[in-house]
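Colleague: Give me a model of this one.
(one chain, ligands or ions: 1)
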Amino acid sequence: MAKTVIALRDLRSLPIPRLAGEAPQARMADRRARALHDLRISVTDRCNFRCTYCMPKDVFGPDYEFLPHGEILTFEETVRMARIFHGLGTEKIRLTGGEPLMRKGIERLVAMLREALPAVDLTLTTNGSALKAKAAALKAAGLDRVTVSLDSLDDATFRAMNDVDFPVAQFLEGIEAAAAAGLAPVKVNMVVKRGVNDQQVVDMARRFKGTGHIVRFIEFMDVGSTNQWRMDDVIPSAQVAYRISEEFAIEPAEANYTGEVAERWKYRDGSGEFGVISSVTHAFCGTCTRARLSTDGQLFTCLFAQRGYDLKAMMRAGRADEEIRAAVAAIWEARDDHYSEIRTAETARARKVEMSYIGG
Ligand code: SAM
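Modeller: Okay, the predicted model is just below:
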(Lines give C-alpha, C1' and ligand atoms only; values in the text may rest on other atoms or scores of the structure.)
Protein backbone atom coordinates (compact mmCIF):
# COMPACT_ATOMS: atom_id res chain seq x y z
CA MET A 1 0.00 0.00 0.00
CA ALA A 2 1.37 3.46 -0.88
CA LYS A 3 1.38 5.48 2.29
CA THR A 4 3.69 8.40 1.69
CA VAL A 5 3.28 10.76 4.55
CA ILE A 6 4.64 14.22 5.12
CA ALA A 7 6.56 14.15 8.35
CA LEU A 8 6.23 16.56 11.23
CA ARG A 9 9.36 18.45 10.23
CA ASP A 10 7.83 19.21 6.80
CA LEU A 11 4.66 20.51 8.41
CA ARG A 12 6.77 22.96 10.38
CA SER A 13 8.07 24.49 7.18
CA LEU A 14 4.58 25.14 5.79
CA PRO A 15 3.59 28.79 5.98
CA ILE A 16 1.39 29.47 8.99
CA PRO A 17 -1.29 31.85 7.75
CA ARG A 18 -2.24 33.39 11.08
CA LEU A 19 -0.99 33.73 14.61
CA ALA A 20 -1.54 30.83 16.99
CA GLY A 21 -4.76 31.41 18.91
CA GLU A 22 -6.13 33.86 16.36
CA ALA A 23 -9.75 33.12 15.41
CA PRO A 24 -10.15 31.27 12.11
CA GLN A 25 -11.50 33.10 9.11
CA ALA A 26 -15.22 32.62 8.66
CA ARG A 27 -14.61 30.50 5.55
CA MET A 28 -11.16 29.23 4.80
CA ALA A 29 -10.62 28.46 1.10
CA ASP A 30 -8.05 26.51 -0.88
CA ARG A 31 -6.27 27.69 -4.03
CA ARG A 32 -9.34 26.79 -6.10
CA ALA A 33 -11.67 28.72 -3.78
CA ARG A 34 -13.06 25.57 -2.19
CA ALA A 35 -14.14 25.83 1.45
CA LEU A 36 -13.53 23.12 4.04
CA HIS A 37 -16.97 21.79 4.86
CA ASP A 38 -16.77 18.03 5.40
CA LEU A 39 -14.45 15.70 7.27
CA ARG A 40 -14.41 11.97 6.58
CA ILE A 41 -12.77 9.93 9.30
CA SER A 42 -11.64 6.38 8.65
CA VAL A 43 -11.98 4.70 12.05
CA THR A 44 -10.52 1.35 10.98
CA ASP A 45 -8.71 0.03 7.92
CA ARG A 46 -10.24 -3.43 8.50
CA CYS A 47 -13.40 -4.73 6.89
CA ASN A 48 -15.30 -8.03 7.08
CA PHE A 49 -16.17 -7.78 3.37
CA ARG A 50 -13.74 -8.24 0.50
CA CYS A 51 -15.57 -6.24 -2.18
CA THR A 52 -13.77 -7.03 -5.39
CA TYR A 53 -13.53 -3.34 -6.41
CA CYS A 54 -12.25 -2.16 -3.01
CA MET A 55 -10.41 -4.80 -0.97
CA PRO A 56 -9.78 -7.70 -3.35
CA LYS A 57 -9.03 -10.95 -1.55
CA ASP A 58 -5.82 -11.61 -3.43
CA VAL A 59 -4.31 -8.43 -1.93
CA PHE A 60 -6.19 -8.19 1.37
CA GLY A 61 -5.67 -11.84 2.26
CA PRO A 62 -4.75 -13.53 5.55
CA ASP A 63 -1.20 -12.15 5.37
CA TYR A 64 -2.18 -8.53 4.75
CA GLU A 65 -0.74 -6.26 7.42
CA PHE A 66 -3.40 -3.94 8.76
CA LEU A 67 -2.41 -1.08 11.02
CA PRO A 68 -1.29 -2.13 14.49
CA HIS A 69 -3.56 -0.93 17.30
CA GLY A 70 -1.05 1.60 18.62
CA GLU A 71 -0.98 3.41 15.26
CA ILE A 72 -4.74 3.96 15.16
CA LEU A 73 -6.13 7.21 16.52
CA THR A 74 -7.73 6.77 19.93
CA PHE A 75 -11.28 8.04 20.38
CA GLU A 76 -9.91 11.00 22.35
CA GLU A 77 -7.51 11.86 19.51
CA THR A 78 -10.30 11.49 16.96
CA VAL A 79 -12.56 13.87 18.88
CA ARG A 80 -9.71 16.33 19.27
CA MET A 81 -9.17 16.31 15.51
CA ALA A 82 -12.90 16.73 14.89
CA ARG A 83 -13.00 19.76 17.17
CA ILE A 84 -10.04 21.33 15.38
CA PHE A 85 -11.63 20.78 11.97
CA HIS A 86 -14.92 22.12 13.26
CA GLY A 87 -13.11 25.27 14.34
CA LEU A 88 -11.97 25.65 10.74
CA GLY A 89 -15.46 25.41 9.27
CA THR A 90 -16.29 21.69 9.13
CA GLU A 91 -20.01 21.19 9.62
CA LYS A 92 -20.36 17.59 8.52
CA ILE A 93 -18.50 14.52 9.75
CA ARG A 94 -18.75 11.07 8.21
CA LEU A 95 -17.32 8.00 9.95
CA THR A 96 -16.12 5.41 7.49
CA GLY A 97 -13.33 2.92 6.87
CA GLY A 98 -12.76 0.01 6.34
CA GLU A 99 -15.95 -1.04 8.07
CA PRO A 100 -16.65 1.47 10.85
CA LEU A 101 -19.00 -0.87 12.72
CA MET A 102 -16.04 -3.21 13.21
CA ARG A 103 -14.32 -0.60 15.37
CA LYS A 104 -14.87 -1.73 18.95
CA GLY A 105 -16.99 0.76 20.88
CA ILE A 106 -18.00 2.77 17.81
CA GLU A 107 -21.18 3.88 19.63
CA ARG A 108 -18.98 5.45 22.32
CA LEU A 109 -17.06 7.40 19.69
CA VAL A 110 -20.34 8.63 18.20
CA ALA A 111 -21.49 9.75 21.66
CA MET A 112 -18.19 11.52 22.31
CA LEU A 113 -18.36 13.34 18.99
CA ARG A 114 -21.97 14.32 19.57
CA GLU A 115 -21.18 15.69 23.00
CA ALA A 116 -18.17 17.64 21.72
CA LEU A 117 -19.94 18.98 18.63
CA PRO A 118 -23.70 19.09 19.23
CA ALA A 119 -24.54 20.94 16.00
CA VAL A 120 -22.43 18.97 13.56
CA ASP A 121 -24.13 16.70 10.97
CA LEU A 122 -22.84 13.26 12.00
CA THR A 123 -23.17 10.36 9.57
CA LEU A 124 -21.62 6.97 8.91
CA THR A 125 -21.05 4.75 5.86
CA THR A 126 -21.33 0.99 6.46
CA ASN A 127 -21.60 -2.29 4.60
CA GLY A 128 -24.68 -2.90 6.76
CA SER A 129 -23.63 -6.29 8.11
CA ALA A 130 -23.80 -5.18 11.77
CA LEU A 131 -26.50 -2.57 11.36
CA LYS A 132 -29.36 -4.66 12.66
CA ALA A 133 -27.49 -5.13 15.92
CA LYS A 134 -26.19 -1.58 16.22
CA ALA A 135 -28.66 0.82 14.60
CA ALA A 136 -30.62 1.70 17.74
CA ALA A 137 -27.47 2.23 19.83
CA LEU A 138 -25.92 4.43 17.15
CA LYS A 139 -29.03 6.58 16.99
CA ALA A 140 -29.16 6.83 20.79
CA ALA A 141 -25.51 7.89 20.77
CA GLY A 142 -26.33 10.80 18.48
CA LEU A 143 -25.75 9.60 14.92
CA ASP A 144 -27.92 11.46 12.40
CA ARG A 145 -27.99 9.14 9.37
CA VAL A 146 -26.33 6.19 7.66
CA THR A 147 -25.28 5.37 4.13
CA VAL A 148 -25.19 1.65 3.35
CA SER A 149 -23.51 -0.15 0.46
CA LEU A 150 -25.51 -2.65 -1.58
CA ASP A 151 -24.23 -3.55 -5.02
CA SER A 152 -27.03 -5.85 -6.11
CA LEU A 153 -30.41 -7.20 -5.09
CA ASP A 154 -29.56 -10.43 -6.83
CA ASP A 155 -28.26 -12.66 -4.06
CA ALA A 156 -25.64 -14.47 -6.14
CA THR A 157 -24.26 -11.21 -7.55
CA PHE A 158 -24.15 -9.52 -4.15
CA ARG A 159 -22.45 -12.50 -2.52
CA ALA A 160 -19.88 -12.57 -5.33
CA MET A 161 -19.20 -8.83 -5.13
CA ASN A 162 -18.77 -8.74 -1.34
CA ASP A 163 -16.78 -11.97 -1.76
CA VAL A 164 -17.62 -13.22 1.73
CA ASP A 165 -20.97 -14.75 0.78
CA PHE A 166 -23.02 -12.15 2.67
CA PRO A 167 -26.72 -12.48 1.71
CA VAL A 168 -28.99 -9.69 0.47
CA ALA A 169 -31.81 -10.64 2.88
CA GLN A 170 -29.66 -9.98 5.93
CA PHE A 171 -28.49 -6.70 4.44
CA LEU A 172 -32.09 -5.56 3.92
CA GLU A 173 -32.86 -6.26 7.59
CA GLY A 174 -30.04 -3.87 8.47
CA ILE A 175 -31.56 -1.09 6.34
CA GLU A 176 -34.95 -1.56 7.95
CA ALA A 177 -33.39 -1.50 11.42
CA ALA A 178 -31.65 1.77 10.52
CA ALA A 179 -34.87 3.34 9.26
CA ALA A 180 -36.83 2.10 12.30
CA ALA A 181 -34.20 3.62 14.59
CA GLY A 182 -34.61 6.98 12.85
CA LEU A 183 -31.31 7.00 10.96
CA ALA A 184 -33.19 8.26 7.93
CA PRO A 185 -33.29 8.88 5.08
CA VAL A 186 -31.04 5.89 4.49
CA LYS A 187 -28.82 6.29 1.46
CA VAL A 188 -27.94 3.12 -0.45
CA ASN A 189 -24.70 3.13 -2.43
CA MET A 190 -24.39 0.86 -5.45
CA VAL A 191 -21.05 0.74 -7.28
CA VAL A 192 -21.91 -0.06 -10.89
CA LYS A 193 -19.43 -2.22 -12.76
CA ARG A 194 -19.91 -3.19 -16.39
CA GLY A 195 -20.78 -6.82 -16.91
CA VAL A 196 -20.93 -7.47 -13.17
CA ASN A 197 -24.04 -5.72 -11.84
CA ASP A 198 -24.99 -3.07 -14.40
CA GLN A 199 -28.00 -5.10 -15.55
CA GLN A 200 -29.47 -4.63 -12.09
CA VAL A 201 -29.60 -0.83 -12.01
CA VAL A 202 -33.31 -0.59 -12.81
CA ASP A 203 -34.19 -3.34 -10.29
CA MET A 204 -32.35 -1.40 -7.64
CA ALA A 205 -34.17 1.82 -8.51
CA ARG A 206 -37.53 0.00 -8.48
CA ARG A 207 -36.89 -1.71 -5.13
CA PHE A 208 -36.23 1.56 -3.28
CA LYS A 209 -38.59 3.88 -5.17
CA GLY A 210 -41.28 5.01 -2.77
CA THR A 211 -39.52 3.72 0.35
CA GLY A 212 -37.92 6.98 1.44
CA HIS A 213 -34.47 5.43 1.03
CA ILE A 214 -32.26 7.07 -1.62
CA VAL A 215 -30.16 4.94 -3.97
CA ARG A 216 -26.94 6.47 -5.26
CA PHE A 217 -25.35 4.83 -8.28
CA ILE A 218 -21.57 5.27 -8.12
CA GLU A 219 -19.23 5.02 -11.07
CA PHE A 220 -16.51 2.43 -10.50
CA MET A 221 -13.47 4.54 -9.56
CA ASP A 222 -9.71 4.12 -9.82
CA VAL A 223 -9.17 4.51 -6.09
CA GLY A 224 -6.06 2.84 -4.68
CA SER A 225 -4.00 0.63 -6.91
CA THR A 226 -5.23 -2.87 -6.22
CA ASN A 227 -8.71 -3.05 -7.77
CA GLN A 228 -7.68 -3.63 -11.41
CA TRP A 229 -9.62 -0.55 -12.53
CA ARG A 230 -10.20 -0.14 -16.26
CA MET A 231 -12.13 2.60 -17.99
CA ASP A 232 -13.97 -0.10 -19.95
CA ASP A 233 -15.57 -1.30 -16.72
CA VAL A 234 -17.12 2.09 -15.94
CA ILE A 235 -20.79 2.60 -16.74
CA PRO A 236 -21.24 6.36 -17.14
CA SER A 237 -23.86 7.83 -14.81
CA ALA A 238 -25.65 9.30 -17.83
CA GLN A 239 -26.33 5.74 -18.98
CA VAL A 240 -27.59 4.78 -15.54
CA ALA A 241 -30.04 7.70 -15.55
CA TYR A 242 -31.06 6.88 -19.13
CA ARG A 243 -31.83 3.25 -18.28
CA ILE A 244 -33.96 4.33 -15.31
CA SER A 245 -35.72 6.94 -17.46
CA GLU A 246 -36.80 4.18 -19.86
CA GLU A 247 -38.76 2.65 -16.98
CA PHE A 248 -39.85 5.65 -14.90
CA ALA A 249 -40.48 9.35 -15.61
CA ILE A 250 -37.65 11.28 -13.94
CA GLU A 251 -36.32 14.83 -13.89
CA PRO A 252 -33.15 16.43 -12.53
CA ALA A 253 -33.39 18.02 -9.09
CA GLU A 254 -31.44 20.88 -7.54
CA ALA A 255 -28.52 20.03 -5.28
CA ASN A 256 -29.37 20.21 -1.59
CA TYR A 257 -26.21 22.22 -0.95
CA THR A 258 -23.06 23.34 -2.76
CA GLY A 259 -20.57 20.51 -2.96
CA GLU A 260 -23.13 17.69 -2.81
CA VAL A 261 -21.42 14.66 -4.29
CA ALA A 262 -24.44 13.07 -5.93
CA GLU A 263 -26.40 14.63 -8.76
CA ARG A 264 -30.04 14.21 -7.83
CA TRP A 265 -32.90 12.87 -9.97
CA LYS A 266 -36.54 12.92 -8.86
CA TYR A 267 -39.31 10.55 -9.89
CA ARG A 268 -41.97 12.71 -11.47
CA ASP A 269 -44.76 10.84 -9.68
CA GLY A 270 -43.43 12.19 -6.38
CA SER A 271 -42.24 8.80 -5.14
CA GLY A 272 -38.76 9.92 -4.20
CA GLU A 273 -35.36 10.35 -5.77
CA PHE A 274 -32.08 8.68 -6.64
CA GLY A 275 -28.60 10.07 -7.18
CA VAL A 276 -25.61 9.44 -9.41
CA ILE A 277 -22.00 9.94 -8.41
CA SER A 278 -19.91 10.51 -11.50
CA SER A 279 -16.35 11.00 -10.38
CA VAL A 280 -15.03 9.53 -13.64
CA THR A 281 -17.25 10.97 -16.37
CA HIS A 282 -18.33 14.21 -14.73
CA ALA A 283 -15.66 15.25 -12.25
CA PHE A 284 -16.82 17.36 -9.33
CA CYS A 285 -13.41 18.45 -8.02
CA GLY A 286 -14.46 22.09 -8.47
CA THR A 287 -16.93 21.79 -5.59
CA CYS A 288 -15.04 19.29 -3.42
CA THR A 289 -15.13 20.52 0.16
CA ARG A 290 -13.96 17.28 1.80
CA ALA A 291 -10.92 16.51 3.92
CA ARG A 292 -10.10 12.95 4.94
CA LEU A 293 -8.45 11.67 8.06
CA SER A 294 -6.98 8.20 7.74
CA THR A 295 -7.20 5.56 10.45
CA ASP A 296 -3.72 6.52 11.67
CA GLY A 297 -4.31 10.26 11.66
CA GLN A 298 -2.92 11.36 8.30
CA LEU A 299 -4.74 14.19 6.60
CA PHE A 300 -5.53 13.74 2.90
CA THR A 301 -7.17 16.40 0.78
CA CYS A 302 -8.12 14.10 -2.11
CA LEU A 303 -9.55 10.58 -2.36
CA PHE A 304 -6.97 9.87 -5.06
CA ALA A 305 -4.01 11.24 -3.10
CA GLN A 306 -0.60 9.70 -2.99
CA ARG A 307 0.52 11.37 0.21
CA GLY A 308 -0.90 12.60 3.48
CA TYR A 309 0.10 14.91 6.31
CA ASP A 310 0.95 13.41 9.67
CA LEU A 311 -1.36 15.08 12.19
CA LYS A 312 -1.10 12.17 14.63
CA ALA A 313 2.62 12.88 14.95
CA MET A 314 1.83 16.45 15.87
CA MET A 315 -0.66 15.34 18.52
CA ARG A 316 1.66 12.71 19.94
CA ALA A 317 4.54 15.20 19.99
CA GLY A 318 2.47 17.31 22.38
CA ARG A 319 1.59 20.13 19.99
CA ALA A 320 -1.14 22.53 21.11
CA ASP A 321 -4.51 22.70 19.36
CA GLU A 322 -3.65 26.12 17.92
CA GLU A 323 -0.49 24.75 16.27
CA ILE A 324 -2.36 21.82 14.75
CA ARG A 325 -5.16 24.09 13.62
CA ALA A 326 -2.65 26.40 11.94
CA ALA A 327 -1.03 23.42 10.20
CA VAL A 328 -4.41 22.14 8.93
CA ALA A 329 -5.30 25.64 7.74
CA ALA A 330 -1.98 25.92 5.91
CA ILE A 331 -2.47 22.53 4.26
CA TRP A 332 -6.01 23.39 3.18
CA GLU A 333 -5.08 26.82 1.90
CA ALA A 334 -2.25 25.32 -0.16
CA ARG A 335 -4.54 22.62 -1.58
CA ASP A 336 -4.69 22.51 -5.35
CA ASP A 337 -5.65 18.89 -6.12
CA HIS A 338 -8.24 18.15 -8.80
CA TYR A 339 -7.42 14.59 -9.71
CA SER A 340 -10.64 13.60 -11.44
CA GLU A 341 -10.39 16.55 -13.80
CA ILE A 342 -6.97 15.46 -15.02
CA ARG A 343 -7.34 11.68 -14.86
CA THR A 344 -5.43 9.79 -17.54
CA ALA A 345 -4.59 6.14 -18.06
CA GLU A 346 -1.24 6.90 -16.45
CA THR A 347 -2.64 8.59 -13.32
CA ALA A 348 -5.12 5.75 -13.00
CA ARG A 349 -2.20 3.32 -12.82
CA ALA A 350 -0.27 5.43 -10.29
CA ARG A 351 0.15 4.14 -6.76
CA LYS A 352 -2.52 5.85 -4.65
CA VAL A 353 -3.63 5.22 -1.10
CA GLU A 354 -6.24 2.51 -0.67
CA MET A 355 -9.83 3.53 0.01
CA SER A 356 -10.09 1.22 3.03
CA TYR A 357 -7.27 3.17 4.66
CA ILE A 358 -8.17 6.71 3.67
CA GLY A 359 -11.92 6.17 4.16
CA GLY A 360 -14.56 6.00 1.46
N1 SAM B 1 -17.27 -0.42 4.67
C2 SAM B 1 -18.13 0.68 4.43
C3 SAM B 1 -19.03 0.39 3.26
O4 SAM B 1 -18.95 -0.69 2.68
O5 SAM B 1 -19.85 1.24 2.92
C6 SAM B 1 -17.44 2.01 4.30
C7 SAM B 1 -16.19 2.08 3.49
S8 SAM B 1 -16.41 1.90 1.74
C9 SAM B 1 -14.74 2.14 1.20
C10 SAM B 1 -17.26 3.38 1.30
C11 SAM B 1 -17.93 3.40 -0.04
O12 SAM B 1 -16.95 3.39 -1.04
C13 SAM B 1 -18.84 2.22 -0.30
O14 SAM B 1 -20.11 2.65 -0.67
C15 SAM B 1 -18.16 1.53 -1.45
O16 SAM B 1 -19.06 0.87 -2.28
C17 SAM B 1 -17.43 2.65 -2.14
N18 SAM B 1 -16.30 2.22 -2.97
C19 SAM B 1 -15.27 1.44 -2.60
N20 SAM B 1 -14.44 1.23 -3.64
C21 SAM B 1 -14.96 1.89 -4.70
C22 SAM B 1 -14.58 2.05 -6.06
N23 SAM B 1 -13.48 1.48 -6.56
N24 SAM B 1 -15.35 2.81 -6.86
C25 SAM B 1 -16.47 3.39 -6.37
N26 SAM B 1 -16.88 3.28 -5.10
C27 SAM B 1 -16.15 2.53 -4.27
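Colleague: Would you state the helices of the stretch 151-300 of the chain in chain order?
Modeller: Taking DSSP state H, counting those that start in this stretch to define them, one finds helices in the stretch 151-300 of the chain at 155-162, 168-181, 201-208, 237-247.
Colleague: From the rest of the structure, what touches the third one?
Modeller: Identification of contacts with helix 201-208 by C-beta atoms under 8 Å, 6 or more residues apart in numbering yields 150, 152-154, 188, 190, 192, 214-215, 217, 235, 240, 243-244, 246-248, 272, 274. Using the backbone N, CA and C atoms, a C-beta is placed for each residue, glycine as well.
Colleague: Among those, filter down to the buried ones and hand me the PyMOL syntax, if you would.
Modeller: In PyMOL, this line selects whichever of those come out buried by 16 or more other C-beta atoms under 10 Å:
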select buried, resi 150+152+153+154+188+190+192+214+215+217+235+240+243+244+248+272+274
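Colleague: which bits of the stretch 251-360 of the chain sit near the ligand?
Modeller: By the rule C-beta under 6 Å from any ligand atom, the part of the stretch 251-360 of the chain lying against the ligand is 355-356, 360.
Colleague: picking that back up, present the helices of the stretch 151-300 of the chain as a markdown table; the columns should include mean pLDDT.
Modeller: Shown next, in a markdown table, are the helices of the stretch 151-300 of the chain (pLDDT from 0 to 100):
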| stretch | mean pLDDT |
| --- | --- |
| helix 155-162 | 98 |
| helix 168-181 | 97 |
| helix 201-208 | 98 |
| helix 237-247 | 98 |
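Colleague: In strands only, show me the contacts of helix 201-208.
Modeller: Applying DSSP state E to those, the entries found in strands are 188, 190, 192, 214-215, 217, 274.
Colleague: Distance check, residue 264 against residue 274.
Modeller: 8 Å (C-beta to C-beta, to the nearest Å).
Colleague: Please apply the same query to residue 226.
Modeller: From residue 226 across to residue 274, the span is 29 Å (C-beta to C-beta).
Colleague: Same check on residue 286?
Modeller: Residue 286 is 23 Å from residue 274, by C-beta to C-beta.
Colleague: contacting residues around residue 218?
Modeller: Residue 218 makes contact with 189-192, 276-277, 279 under the criterion C-beta under 8 Å, 6+ apart.
Colleague: Could you rerun that using 10 Å?
Modeller: Counting by C-beta atoms under 10 Å, 6 or more residues apart in numbering, residue 218 makes contact with 53, 149, 151, 189-193, 237, 240, 261-262, 275-280, 360.
Colleague: who are the neighbours in contact with the spatially closest residue to residue 212 that is not a sequence neighbour?
Modeller: Excluding the flanking residues, the one nearest residue 212 by C-beta to C-beta, 6 or more residues apart in numbering is residue 185, at 5.5 Å. Residue 185 sits next to 145-147, 178-179, 211-214, 272-273 when contact means C-beta under 10 Å, 6+ apart.
Colleague: Out of those residues, which end up buried?
Modeller: The neighbour count (16+ other C-beta under 10 Å) marks 145-147, 178-179, 211, 213-214, 272-273 as buried among the contacts of residue 185.
Colleague: any idea which of those residues is the one closest to the ligand?
Modeller: Closest approach to the ligand among the buried ones among the contacts of residue 185 (C-beta to the nearest ligand atom): residue 147, at 6.7 Å.
Colleague: how much does the host helix or strand of the closest one deviate in direction from strand 187-192?
Modeller: Per DSSP states H and E: residue 147 is located in strand 145-149. Between strand 145-149 and strand 187-192, the angle comes out at 20 degrees (axes from the mean of the first three to the mean of the last three C-alpha atoms, to 10 degrees).
Colleague: Is there a neighbour count for the closest residue to the ligand within the stretch 251-360 of the chain? I'd like the number.
Modeller: Nearest to the ligand, among the residues of the stretch 251-360 of the chain, is residue 360, at 2.4 Å (C-beta to the nearest ligand atom). For residue 360, the neighbour count with other C-beta atoms under 10 Å is 21.
Colleague: and what of residue 136?
Modeller: Neighbourhood size, residue 136 [other C-beta under 10 Å]: 16.
Colleague: That one: what secondary structure?
Modeller: What DSSP: H, G, I helix; E, B strand; the rest coil gives for residue 136 is helix.
Colleague: Please name the residues that touch it.
Modeller: 107, 177-178, 180-183.
Colleague: Most neighbours among the residues you listed, which one?
Modeller: Within the contacts of residue 136, most neighbours by other C-beta under 10 Å means residue 178, with 29 neighbours.
Colleague: ok, so what distance separates the nearest residue to it once chain neighbours are set aside from the ligand?
Modeller: Distances taken as C-beta to C-beta, 6+ apart place residue 135 nearest to residue 178, at 4.6 Å, with adjacent residues excluded. As judged by C-beta to the nearest ligand atom, to the nearest Å, residue 135 and the ligand stand 15 Å apart.
Colleague: Please pull up the helix or strand immediately following the lowest-mean-pLDDT helix or strand in the chain.
Modeller: Lowest by mean pLDDT, DSSP states H and E among the helices and strands of the chain is helix 8-12, with a mean of 47. Next along the chain after helix 8-12, taking DSSP H and E as the criterion, comes strand 38-42.
Colleague: Identify each buried residue in the following helix or strand past that following strand, please.
Modeller: Counting by DSSP H and E, the element after strand 38-42 in chain order, helix or strand, is helix 75-87. Buried residues in helix 75-87, defined by neighbour count with 16+ other C-beta under 10 Å: 75, 77-86.
Colleague: Thanks a lot, see you next time.
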